[in-house]
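J.: below: sequence and its predicted model.
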Amino acid sequence: MRENTLKQRLYAGKAAFGVMCTFPSPAVVEMLGYLGFDWVLLDNEHGSVTVDTAEACIAAAELTGMAPIVRPVGNKPEIIAPFLDRGAWGVQVPHVNTADEARAAVDAVKYAPEGHRGIFSGGRPAGYGYPADFSLPAVRLLFSELLQGPPQPQHVAAPDDWMAALARIPLLHQPGEAWLYNTCSDIQGVLLSRAIGQPLPELLAERVFEPLGMVDSGFVVPADKLDRFTTYYRADPAGGLELADAPDGQWSRPPRFPSGSGGLVSTVDDWLAFARLLLAGGELGGRRLLSKESVRLITTDHLTALQRRAGGLFLEGQGWGFGGSVDVAPVEPWNVPGRYGWVGGTGTAAHITPSTGAPLAAR
């Protein structure tokens, strides 16, 4: 069992790495602990954390040396105290925006057992990524140290080295304050690979591409398919096009860094299979790959109005689900409430519109 050093880290001003678990179970919490996280936040946003489930998850967290933190609904003592009584190191209260709310949170923690009196306030995690202001020093480091930007899969460092470099870059925001673009999706790809114990290309092939019959999707184009692969162009300063990558270029061999934010190659037919999965609520060809609740979460906007405004350079007035934008306002004629998808940095675009059942892919 790892010794729990969260308090020592915080008091020394050092980083303490944790993760939010929206649908916690003891097995998942225990796995997160063995992956090396210092704390786990048991999130109650969807009503999934009760006193009973928290008790089991807190025990799993402490087994692996993590500090368990619970986010109950409400700041009242009778709501917070039962979680602390069961061993939660701290509580993340849903909101502390006024003096009265702060007093309520402090009063709640007064009833906690000695040694369990931490209060945290926050929301959705996003501390790394692109803001609207690219001149910020930490943003420049994302490009110079991590090679964020247009995909260049052969030049980005391997996942372990990439994460080590990331750890030396300051956060742009405290987790939960803002929506930021791109980098957190790359982090997610590394964490998925570590959690499952498979390289990301193998994981996606086994769990997504093969079940959906997406035979032309992956991080590399095999030699016998290169004659079908397109040349990648980008705009030049004069308004014309310049060669960015030829068919026998960076995607002709496996990448050093399989990116969770981009870098896959595919075909319209393959993408249509994935779009149909989402439109059908997670089931395709009589086989269920995603629960209806998962599809709902993927295609639902999770941002506040303030976060949408701050991310306007990328979001253009719309919201964000899991891995793609969600239309929430008729800013342009093509915006339809609930439309989900994204326009990629290389010029590709793909969306689904659940209200009409229509998928759309464009180049």
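T.: Done, it's in. Note that this is a predicted model, so its numbers are computed, not measured. Numbering: from 1, shown residues only.
J.: what residue ranges in the chain score low on pLDDT?
T.: Counting by pLDDT under 70, the chain shows low-confidence ranges at 1-17, 44-49, 72-80, 89-126, 174-176, 362-363.
J.: quickly list the domain ranges of it.
T.: Following automatic domain parsing, one gets these domains for the chain: 6-121, 226-253, 275-362.
J.: got JSON lines for these, with distance to S185 too?
T.: Any C-beta I mention is one placed from the backbone N, CA and C, and that applies to glycine too. Listed next are these as JSON lines, based on distance: least, Cβ to Cβ, whole Å:
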{"stretch": "domain 6-121", "distance to S185": "15"}
{"stretch": "domain 226-253", "distance to S185": "19"}
{"stretch": "domain 275-362", "distance to S185": "7"}
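J.: and A157, which of those domains is closest to it?
T.: Comparing the domains of the chain by their distance to A157 (Cβ to Cβ), the top pick is domain 226-253, with 14.8 Å.
J.: and the closest one, which residues are buried?
T.: Buried residues in domain 226-253, defined by neighbour count with 16 or more other Cβ atoms under 10 Å: 229, 232, 244-245, 249-252.
J.: from the middle of its chain, how far away would that domain be?
T.: Offset of domain 226-253 from its chain centre (Cα atoms, centre = their mean, to the nearest Å): 29 Å.
J.: please enumerate the helices of this protein.
T.: 6-11, 26-34, 51-63, 77-85, 99-110, 137-146, 159-166, 183-196, 200-204, 210-212, 268-279, 292-298, 305-310, 312-315 (DSSP state H).
J.: these into a markdown table, with extra columns for mean neighbour count and distance to G127?
T.: What follows is the helices of the chain, written out as a markdown table (neighbours: other Cβ atoms under 10 Å; distance: least, Cβ to Cβ, whole Å):
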| stretch | mean neighbour count | distance to G127 |
| --- | --- | --- |
| helix 6-11 | 14 | 16 |
| helix 26-34 | 18 | 18 |
| helix 51-63 | 19 | 21 |
| helix 77-85 | 19 | 25 |
| helix 99-110 | 15 | 23 |
| helix 137-146 | 15 | 10 |
| helix 159-166 | 16 | 10 |
| helix 183-196 | 18 | 8 |
| helix 200-204 | 19 | 21 |
| helix 210-212 | 15 | 33 |
| helix 268-279 | 18 | 28 |
| helix 292-298 | 15 | 21 |
| helix 305-310 | 15 | 13 |
| helix 312-315 | 16 | 17 |
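J.: G324 is nearest to which of those helices?
T.: Per Cβ to Cβ, nearest to G324 of the helices of the chain: helix 292-298, 7.7 Å.
J.: chain center to that closest one: distance?
T.: For helix 292-298 - counting by Cα atoms, centre = their mean - the centre lies 15 Å from the chain centre.
J.: pretty sure T346 sits against Q152.
T.: No - using Cβ atoms under 8 Å, T346 makes no contact with Q152, being 11.3 Å away.
J.: more crowded one of these two?
T.: Q152 (18 against 15; other Cβ atoms under 10 Å).
J.: if we can go back for a sec, out of the domains of the chain, which comes closest to Y181?
T.: Nearest to Y181 among these is domain 275-362 (4.8 Å), distances taken as Cβ to Cβ.
J.: run a quick neighbour tally on the closest residue to L200 other than its chain neighbours.
T.: In space, L200 comes closest to P258 once its chain neighbours are excluded; the distance is 4.1 Å by Cβ to Cβ, 6 or more residues apart in numbering. By other Cβ under 10 Å, the residues close to P258 number 25.
J.: E316 versus A59, what's the distance?
T.: 46 Å (Cβ to Cβ, to the nearest Å).
J.: go on, F83?
T.: In terms of Cβ to Cβ, F83 sits 40 Å off from E316.
J.: same check, this time on L241
T.: From L241 across to E316, the span is 24 Å (Cβ to Cβ).
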